[in-house]
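Participant: Show me how the following folds:
(2 chains)
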Amino acid sequence: MQEATFLILTALADGSQHGYGIITEVRQISEGRVKLRAGTLYTALDRLRADGLIGVDREEIVEGRLRRYYRLTPDGTAVLAEEAARLHANATAALRRLNPGLAGGTA
Amino acid sequence: MSEQVTLERSYRRILAWYPQSFRAGSEDEILAVLLATAEDGQTRVGLAEAWDLVRGAVRMRLWPAAPRPRSVRVAVKLMLAGAAAELAALMTVIATLGSVRAAVAARDATAMQAVHLHQVTIIALAPVAIGMWLWLAWANGRGQDWARPLSAACFGLISLSVIAGLAQGAAAFAPATMIAAAVVWTLGLSSVALILTPAAGRYYRPQPAQQ
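Facilitator: Purely as a prediction, here's the structure:
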């Protein structure tokens, strides 16, 4: 899974968001490192919707413009959980090898 | 105010590159996001921003996000791998051109003609084969139903070429080429098997939605 996709799913993990909301959430989650652009975001959303990982939660009209909120589907939640566990295991293994003395020290 | 109108018009010009199906549902939505992320007083689309939008449009047109079943997604990847394997085989043949000829000349000069024919055939046909793999990967990814029999027919041709290679005794004088051919053949077999599964069939021939 690409990092942008992972971060988009993460942004939706605790509630629905609209496009601009996802961009700000992703920037926050990545501590300012990942600045999603609209083209990347909507290509990813298009694909995630087609794959059934996200769905449209609701639509609102704000200042005459359509605002669409997206949410994770049960499939999306499962895929994100799986990917997060995989990354976590990899990161733990890396830290353990870098700091053998700390093995088992921190959770 | 007029600045925003100018900017909006520039964005719409780039969004025109996106597929109609996407624009019908999402053009206003993505435009709102673009305007929300624009700098104050910005009147022109930035270079990085334009590149990102165009890249998205190209990706959506080449790989439309239809709900592709897993078997089709894997088959498409195998076909791209097939193109890569074909390229590797071509490079192997070119790199070993001289050594294979020398080995054959030393062992059995009468086989020279067969070796020559084998090498010329591969060098001439490999670029066509690479193109076919890429084209079929693209067409299968888009769910074009004609791509399935065509893929199966191409796999038949690959099988014939492997048999022909074996008949010419290529296994003896060009083992690397025959290994590459075996890899290509396996990729062909697996990808064709995947696009002929029932799950893939529903993707190529969608049933009208049941109400």
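Participant: list the buried ones in the longest helix anywhere in chain A?
Facilitator: Longest helix of chain A, by residue count under DSSP state H: helix A:74-98. Buried positions in helix A:74-98, judged by neighbour count with 16 or more other Cβ atoms under 10 Å in any protein chain shown: A:76, A:79-80. Where C-beta positions appear, they are placed from N, C-alpha and C, glycine not excepted.
Participant: what's the answer for stretch A:36-55, then?
Facilitator: Judged by neighbour count (16+ other Cβ under 10 Å), stretch A:36-55 contains these buried residues: A:36-49, A:51, A:53-55.
Participant: Filtering the residues you listed by proximity to chain B, which remain?
Facilitator: The subset of the buried residues of stretch A:36-55 within reach of chain B, by Cβ under 8 Å from any Cβ of the partner chain, is A:37-43, A:46-47, A:49, A:51.
Participant: Apart from its neighbours in sequence, what residue is nearest B:Ala83?
Facilitator: Leaving aside its sequence neighbours, B:Ala83 sits nearest to B:Trp133 (Cβ to Cβ, 6 or more residues apart in numbering or on different chains; 3.8 Å).
Participant: And that neighbour, which helix or strand is it part of?
Facilitator: helix B:112-141 (DSSP states H and E).
Participant: so what secondary structure elements neighbour that helix?
Facilitator: Using 3 or more Cβ pairs under 8 Å, 6 or more residues apart in numbering or on different chains; DSSP states H and E as the contact test, the elements touching helix B:112-141 are helix B:70-95, helix B:97-107, helix B:147-167, helix B:175-195.
Participant: how distant is the third one from the center of its chain?
Facilitator: Meaning helix B:147-167. Offset of helix B:147-167 from its chain centre (Cα atoms, centre = their mean, to the nearest Å): 18 Å.
Participant: Give the buried residues for it.
Facilitator: In helix B:147-167, counting by 16+ other Cβ under 10 Å, buried: B:147-148, B:150-151, B:154-155, B:158, B:161-162, B:165.
Participant: What average pLDDT does that helix get?
Facilitator: Here helix B:147-167 scores 90 as its mean pLDDT.
Participant: Now do it and helix B:175-195, the angle between them.
Facilitator: Interaxial angle, helix B:147-167 versus helix B:175-195 (axes from the mean of the first three to the mean of the last three Cα atoms, to 10 degrees): 160 degrees.
Participant: likewise the first one?
Facilitator: With the same axes, to 10 degrees as the basis, helix B:70-95 and helix B:175-195 are set at 160 degrees to each other.
Participant: try the shortest one
Facilitator: The directions of helix B:97-107 and helix B:175-195 differ by 120 degrees, with the same axes, to 10 degrees as the criterion.
Participant: just checking, what packs against helix B:97-107?
Facilitator: Helix B:97-107 is packed against helix B:112-141, helix B:170-173, with contacts defined by 3+ Cβ pairs under 8 Å, 6+ apart.
Participant: Tell me how far the residue most central in space within chain B lies from B:Lys77.
Facilitator: Central residue of chain B (Cα atoms, centre = their mean): B:Leu134, 3.0 Å from the mean position. With the distance defined as Cβ to Cβ, to the nearest Å, B:Leu134 ends up 12 Å from B:Lys77.
Participant: could the helices and strands packed on helix B:97-107 go into a markdown table alongside mean pLDDT?
Facilitator: Formatted as a markdown table, the helices and strands packed on helix B:97-107 follow (pLDDT from 0 to 100):
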| stretch | mean pLDDT |
| --- | --- |
| helix B:112-141 | 88 |
| helix B:170-173 | 68 |
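Participant: about what we covered before: does the longest helix of chain A reach chain B?
Facilitator: No: on the criterion Cβ under 8 Å from any Cβ, helix A:74-98 is out of touch with chain B, staying 11.2 Å away.
Participant: Quick one: low-confidence residue ranges for chain A.
Facilitator: Applying pLDDT under 70 to chain A picks out residues A:102-107.
Participant: at 80 instead, please
Facilitator: Within chain A, the segments meeting pLDDT under 80 span A:101-107.
Participant: Now do the strands in it.
Facilitator: A:17-18, A:54-62, A:65-72 (DSSP state E).
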